[in-house]
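Student: got a structure for you, letters missing:
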Ligand SMILES: [Zn+2]
């Protein structure tokens, strides 16, 4: 089986640069390097990865990280947490210039986070809209982070996504309701599932994971965050996609090979790789 980690932040592993919370978590893992992480992933059949940027510098780092590595690609994004600081420092324009760099296959992660509200909502909305236009202008798919904010997200999405120029993308780390799952599927979006599924206790949520159409499902880790059960307490790495894939195969009643093949080919189709 070959698995695809469509969302990890390994570019800052062993680095003094990159988005702060991610980098600090990698530092706790000791002297781990990107090469070690990639080797461990390959051992478990996780042969393809997308390194996802969360701010201007972190996106540059993601591009650098994938430059000479086979089957790895970069996504450039301003995370909703980083919206205000990016605006305050005038970094949207230099960020936008990254869209045409080699191996950049998506815009994100971007979106709205009304759970933490680390940036004011107005700033989050402005920066999300900027990235939607950037994705359309460069014909790139998008990686969305939406938390407790779907009532504001869908109107923005529908404003930018039209029949002739639809926005393609994935709702990364999806944990929301059946209703929002159906809204996403009806708009042709993919659903990114990570280690959270292994510790989601609410029956309704388990049911939601079971009902994601296979044609819309992609796998991810969000490494170094969200380590799946039974490895809670250790740092999450792309190789953990294998654990999540096995768990999903159990609860959905699909063969692992079938799930792996479908999710990998979905990701290849979405990101054009
Ligand atoms: Zn992430």
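Tutor: That came through fine. Note that the structure is predicted; figures quoted are calculated from it, not measured. Numbering: from 1, shown residues only.

Student: C-alpha only now, for contacts and for neighbours.
Tutor: Fine.

Student: spit out the contact partners of residue 92.
Tutor: 56, 86 (CA atoms under 8 Å, 6 or more residues apart in numbering).

Student: can you tell me how far it sits from residue 101?
Tutor: In this view, residue 92 and residue 101 are 16 Å apart by CA to CA, to the nearest Å.

Student: do residue 124 as well
Tutor: Residue 124 is 25 Å from residue 101, by CA to CA.

Student: the more surrounded of those two?
Tutor: residue 124 (26 against 13; other CA atoms under 10 Å).

Student: and the more buried one, that's in a helix?
Tutor: Yes: counting by DSSP: H, G, I helix; E, B strand; the rest coil, residue 124 is part of a helix.

Student: distance-wise, check it relative to residue 143.
Tutor: 15 Å.

Student: endpoints of stretch 136-155, how far apart?
Tutor: Span of stretch 136-155 from end to end, CA to CA: 17 Å.

Student: next, the buried residues of that stretch.
Tutor: Within stretch 136-155, the residues scored as buried using 16 or more other CA atoms under 10 Å are 136, 139-147, 150, 153.

Student: among these, which pair sits farthest apart?
Tutor: The largest separation in the buried residues of stretch 136-155, counting by CA to CA, is between 139 and 147 at 25.2 Å.

Student: model confidence for residue 25, exactly?
Tutor: Per-residue confidence (pLDDT) for residue 25: 87.

Student: and the helix or strand containing it, how far from the chain's centre?
Tutor: Element membership for residue 25, per DSSP states H and E: helix 20-28. Averaging C-alpha positions (CA atoms, centre = their mean, to the nearest Å) puts helix 20-28 17 Å from its chain's average.

Student: name the residues that touch it?
Tutor: 9, 12-17, 32, 224-225, 235.

Student: circling back: just the buried residues of stretch 136-155: which are in strands?
Tutor: Counting by DSSP state E, the buried residues of stretch 136-155 place 142-147 in strands.

Student: I'd like to know which of those residues is nearest to residue 257.
Tutor: Of these, the one sitting nearest to residue 257 (CA to CA) turns out to be residue 143, at 25.4 Å.

Student: quick check: closest non-adjacent residue to that closest one.
Tutor: Excluding its sequence neighbours, the residue lying closest to residue 143 (CA to CA, 6 or more residues apart in numbering) is residue 108, at 4.5 Å.

Student: what angle separates the helix or strand hosting that neighbour from strand 142-147?
Tutor: Using DSSP H and E, residue 108 sits in strand 104-113. Angle of strand 104-113 versus strand 142-147, following axes from the mean of the first three to the mean of the last three CA atoms, to 10 degrees, is 20 degrees.

Student: elements contacting strand 104-113?
Tutor: strand 72-76, helix 121-138, strand 142-147 (3 or more CA pairs under 8 Å, 6 or more residues apart in numbering; DSSP states H and E).

Student: can you list the ones you listed in TSV and add distance to residue 216 and mean pLDDT?
Tutor: What follows is the helices and strands packed on strand 104-113, written out as TSV (distance: least, CA to CA, whole Å; pLDDT from 0 to 100):
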stretch	distance to residue 216	mean pLDDT
strand 72-76	19	98
helix 121-138	20	98
strand 142-147	14	98
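
Student: any idea how many residues pack against the residue nearest to residue 143?
Tutor: Neighbour tally, residue 108, other CA under 10 Å: 31.

Student: next SSE after the helix or strand of the chain with the lowest mean pLDDT?
Tutor: One helix or strand of the chain scores below all others by mean pLDDT, DSSP states H and E: helix 20-28, with a mean of 86. With elements assigned by DSSP H and E, the helix or strand that comes after helix 20-28 is helix 34-43.
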